[in-house]
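[1] Here is a sequence with its predicted model. Questions after.
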Protein chains: 4
Amino acid sequence: MKDDPRRRQPDAYPDRLRLETRFGDMDVNGHLNNVAFARLFEETRVRFLRFGPGAPPPDKTRSHVVVAHVAIDYLAEGDYPAPVTVTLAISRIGSSSFTVAMAAFQDGADGPHCIALCDSILVHREPGAAPSPIPPAMRERLEALRLRG
Amino acid sequence: MKDDPRRRQPDAYPDRLRLETRFGDMDVNGHLNNVAFARLFEETRVRFLRFGPGAPPPDKTRSHVVVAHVAIDYLAEGDYPAPVTVTLAISRIGSSSFTVAMAAFQDGADGPHCIALCDSILVHREPGAAPSPIPPAMRERLEALRLRG
Amino acid sequence: MKDDPRRRQPDAYPDRLRLETRFGDMDVNGHLNNVAFARLFEETRVRFLRFGPGAPPPDKTRSHVVVAHVAIDYLAEGDYPAPVTVTLAISRIGSSSFTVAMAAFQDGADGPHCIALCDSILVHREPGAAPSPIPPAMRERLEALRLRG
Amino acid sequence: MKDDPRRRQPDAYPDRLRLETRFGDMDVNGHLNNVAFARLFEETRVRFLRFGPGAPPPDKTRSHVVVAHVAIDYLAEGDYPAPVTVTLAISRIGSSSFTVAMAAFQDGADGPHCIALCDSILVHREPGAAPSPIPPAMRERLEALRLRG
């Protein structure tokens, strides 16, 4: 992730979410903890999958995707109580899985600076069943969120 | 706390903070977890003590108060992803300690409804030392935040 | 709680549990965070209610009690990576609610020292219903766990 | 990670740690949450780096490594209250960074089964400074923990 300069550009991502940080997100080092980053990326992913463009059709009450892989590059220390802006795009769409690319930004003296990158591989499947092809309507929504540039 | 009807009135509290809830604040019951409430009350208390009316004078870099006691009344289930509004007032000022009264609200069909109450006893002390009298300037700020009604 | 010396005596409690602490339980102060104490007391309470003496009869799959109130006295700083021993007793049994008294200990130079006390009020009720009387079998189990001394 | 069968063999890892799970590690799905896995891997990594074979020499009070990258493969659902055994090995040693390979196991009907894999890239550096070569004594300790097989 970190070797692709596009990933550190907020404009490369069609979707974004501003999240508060919490005192409890800091660890003994006085900066946002590594696991707290995972929590913020989870929050963005969940809101995207439950209420945003990745949400299932209205007749389905539960998301049909499971998280198979999460990778995070830690680029800089994060601060509290500043909020974090997490940007989101789809970087890959396979037959039954897709990759969500995210980046976390905080404001610095020179504008937003990227403090972490995250790739999540999500697998579509019927409840309790094996991976199944991404339905056409879902694929269409994902295509509209492709990473740009 | 819960037997004082004033404590469930948002207008009884001079200060307030709107906080996001997180997916991770829910437990297996599908509602905001009891400990997550403690986390939200902590966040409100920390922001009050570090950056708000309870903050130390500018020449002091660290808060001079420690938490001696926290009590929470759980009144109703809390929901995700709705935000929580936490209201804050000072309900008691002693010689070296004071009590922060908080209430958590979420919007319901009939307006905000109170889902939890919290009392925190904070003790003022010099770093590494015994409890010490609340300084006059701090006392004045706390007096201005008295619980109303 | 803190004014009752009996509450700081490990032997006053019939039940106990040793729990690991985690790096993530510390906050910026380098000690166990206040909310982490709430998490450790929750863990003890849950294990007691689900798998221990407070568990429902085997034909019931879910606990029939809800947490109405939690109060914690913070007595001393807690350390990582030392484990915490949480002791548990029943300090009050009403018609439809009871109070769980807990204390958290860590080893010191002079033996175990008490770092926090916790009272939790649990209300028995049928699922989705109003408070209901504590069943005789449950009352009997709770009576056997009375705080001693 | 997940395509290397060796990574799912407990015996491939020279070091291991048994960790308790907590009620709060579960999310609404009733299984160990993805971020809770990150927390358990962090705990293993921290204990390894602070108190275990990866610890700095006794004259250094702080670890000299920072986490640059964490990747987790989620292979199966994790359960509470069963403990998790996390195994640890060194899978790569570069000039100033190394990779810690971990796997999480829970007991199943047929013995331990692997529920998640984790790779963490750690960078050695002098405090506040740029990456610096891994010292010979540290390199020697890391070499002794190579992934086997």
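    Here it is on my side, so go on. Worth saying up front: this structure is predicted, and the values here are computed from it rather than measured.
[2] quick one: buried residues of the host helix or strand of A:Ile90?
    Using DSSP states H and E, the element containing A:Ile90 is strand A:84-93. Residues A:84-91 are the ones in strand A:84-93 that count as buried (16 or more other CB atoms under 10 Å in any protein chain shown). Using the backbone N, CA and C atoms, a C-beta is placed for each residue, glycine as well.
[3] before we move on, what about stretch A:104-117?
    In stretch A:104-117, counting by 16+ other CB under 10 Å, buried: A:104-106, A:112, A:114-117.
[4] Say whether chain B is contacted by that stretch.
    No. Using CB under 8 Å from any CB of the partner chain, stretch A:104-117 stays clear of chain B, with a minimum separation of 14.8 Å.
[5] Could you tell me which residues of chain A lie near chain D?
    Selection of chain A residues close to chain D by CB under 8 Å from any CB yields A:34-35, A:38-39, A:42, A:66-74.
[6] again, only this time at 6 Å
    Neighbours of chain D within chain A, by CB under 6 Å from any CB of the partner chain: A:34-35, A:38-39, A:42, A:67-74.
[7] Now, those that are in helices?
    Of the residues of chain A next to chain D, the ones assigned to helices by DSSP state H are A:34-35, A:38-39, A:42.
[8] Skipping adjacent residues, who's closest to A:Glu126 in space?
    Leaving aside its chain neighbours, A:Glu126 sits nearest to A:Ser132 (5.2 Å; criterion: CB to CB, 6 or more residues apart in numbering or on different chains).
[9] Just the buried positions in stretch A:123-142, please.
    A:123-125, A:131, A:134, A:138-139, A:141-142.
[10] now the strands for chain A?
    Taking DSSP state E, the strands of chain A run over residues A:15-19, A:65-74, A:84-93, A:97-108, A:111-124.
[11] partners of the longest one, with directions?
    Strand A:111-124 has its sheet partners listed here by DSSP bridges as strand A:65-74 (antiparallel), strand A:97-108 (antiparallel).
[12] For A:Thr44, which residues are in contact?
    Applying CB atoms under 6 Å, 6 or more residues apart in numbering or on different chains to A:Thr44 gives the contacts A:17, A:86, A:88, A:102.
[13] just these now: which is nearest B:Arg50?
    A:Val86 (24.1 Å; CB to CB).
[14] Just grab the bridge partners of that closest one for me.
    Counting by DSSP bridges, A:Val86 is bridged to A:Leu17, A:Ala104.
[15] Check the gap between it and B:Ala71 for me.
    The gap separating A:Val86 from B:Ala71 is 35 Å, by CB to CB, to the nearest Å.
[16] about what we covered before: among the buried residues of strand A:84-93, which one sits closest to D:Phe98?
    Closest to D:Phe98, out of all of these and judged by CB to CB, is A:Ser91, at 27.7 Å.
[17] Run through the residues that contact that closest one.
    A:99, A:101, A:147.
[18] how about the nearest residue to it, chain neighbours excluded?
    Using CB to CB, 6+ apart, the closest residue to A:Ser91 is A:Ala101 (4.0 Å).
[19] could you list every residue that touches that neighbour?
    Contacts for A:Ala101 (CB under 6 Å, 6+ apart) come out as A:89, A:91, A:119, A:147.
[20] 8 Å instead, please
    Contacts here follow CB atoms under 8 Å, 6 or more residues apart in numbering or on different chains; on that basis A:Ala101 touches A:1, A:7, A:13, A:88-91, A:117-119, A:147.
[21] Where is pLDDT lowest across those?
    Lowest pLDDT among those: A:Met1, with 90.
[22] From the structure, what's the count of residues near that residue?
    Residues lying near A:Met1 (other CB atoms under 10 Å in any protein chain shown) number 18.
[23] State the distance from it to B:Ala89.
    For A:Met1 relative to B:Ala89 (CB to CB), the value is 46 Å.
[24] next one: A:Arg45
    A:Arg45 is 37 Å from B:Ala89, by CB to CB.
[25] cool, and A:Ser95?
    The spacing between A:Ser95 and B:Ala89, counted by CB to CB, is 57 Å.
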